[in-house]
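> Give the three-dimensional model of this entry:
(2 chains)
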Amino acid sequence: EPEVTQTPSHQVTQMGQEVILRCVPISNHLYFYWYRQILGQKVEFLVSFYNNEISEKSEIFDDQFSVERPDGSNFTLKIRSTKLEDSAMYFCASSGRSDRGPNQPQHFGDGTRLSIL
Amino acid sequence: LAKTTQPISMDSYEGQEVNITCSHNNIATNDYITWYQQFPSQGPRFIIQGYKTKVTNEVASLFIPADRKSSTLSLPRVSLSDTAVYYCLVGDMRGITGGGNKLTFGTGTQLKVEL
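Here you go, the predicted model:
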């Protein structure tokens, strides 16, 4: 079964440094997402991306965050100047087109654990 | 998205059937009901989705009464490996563009399966 893959599995970064988290969504999917989960807390939506632009973003997704789909396969999340509170699991998800059929569920990767020192 | 209420935790034993009920009194006409499973340090995994009546796949069954104000995830013959957090999500997953929409996770139900 196709999977969403994320790299690296664990990233340790000094506060103030830039970090890029990478994701390879399922190949025929059109919608891409980033979520995060701080240890012991809920999974929180960050941003959704469709047709090479952001569809929706949450309050968490401020100017320090950006997303990009640089080629036909990768989807990246960049944090420009990391803060201690950015430490969390970051999950990428993707889903297929659903306007012509039943709702298509989002499929998640296993995440990148980001630790800010 | 419709607000959901589900038990914080449940305990079971291997081989038993587990039913987790989710209340969603203000579900809208276009809303679907979706269940995810999450193991520690892993991403949420899609289990099952339904709109009304009963849906069954190789992993679980989803029972939705006629008024759709609640739903029950049924896991047959659980094993230790089913110990996880189970999330009930309700919403119109199609979104404005006809596909894709943010998911709003609650705290879920922590299922613990013992021998």
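> what's B:Leu75 in contact with, if anything?
Residues near B:Leu75 by CB atoms under 8 Å, 6 or more residues apart in numbering or on different chains: B:17-20, B:59-60, B:82, B:111. (Each C-beta comes from the backbone N, C-alpha and C, glycine too.)
> now swap in A:Phe108 and tell me
Residues counted as contacts of A:Phe108 (CB under 8 Å, 6+ apart) are A:4, A:35, A:91-93, B:43-46.
> Tabulate those in JSON lines, adding columns for secondary structure and distance to A:Ser55.
Converted to JSON lines, the contacts of A:Phe108 look like this (DSSP: H, G, I helix; E, B strand; the rest coil; distance: CB to CB, whole Å):
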{"residue": "A:Val4", "secondary structure": "coil", "distance to A:Ser55": "18"}
{"residue": "A:Tyr35", "secondary structure": "strand", "distance to A:Ser55": "14"}
{"residue": "A:Phe91", "secondary structure": "strand", "distance to A:Ser55": "17"}
{"residue": "A:Cys92", "secondary structure": "strand", "distance to A:Ser55": "15"}
{"residue": "A:Ala93", "secondary structure": "strand", "distance to A:Ser55": "13"}
{"residue": "B:Gly43", "secondary structure": "coil", "distance to A:Ser55": "20"}
{"residue": "B:Pro44", "secondary structure": "coil", "distance to A:Ser55": "20"}
{"residue": "B:Arg45", "secondary structure": "strand", "distance to A:Ser55": "23"}
{"residue": "B:Phe46", "secondary structure": "strand", "distance to A:Ser55": "20"}
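> quick one: the strands in the chain?
Picking chain A for this. Counting by DSSP state E, chain A has these strands, from start to end: A:5-7, A:10-13, A:19-24, A:31-37, A:43-50, A:53-57, A:65-68, A:75-79, A:88-95, A:107-108, A:112-116.
> that's the wrong chain, I wanted chain B
Assignment of strands within chain B using DSSP E yields the ranges B:9-13, B:18-23, B:32-38, B:45-50, B:53-56, B:61-64, B:70-75, B:84-91, B:109-114.
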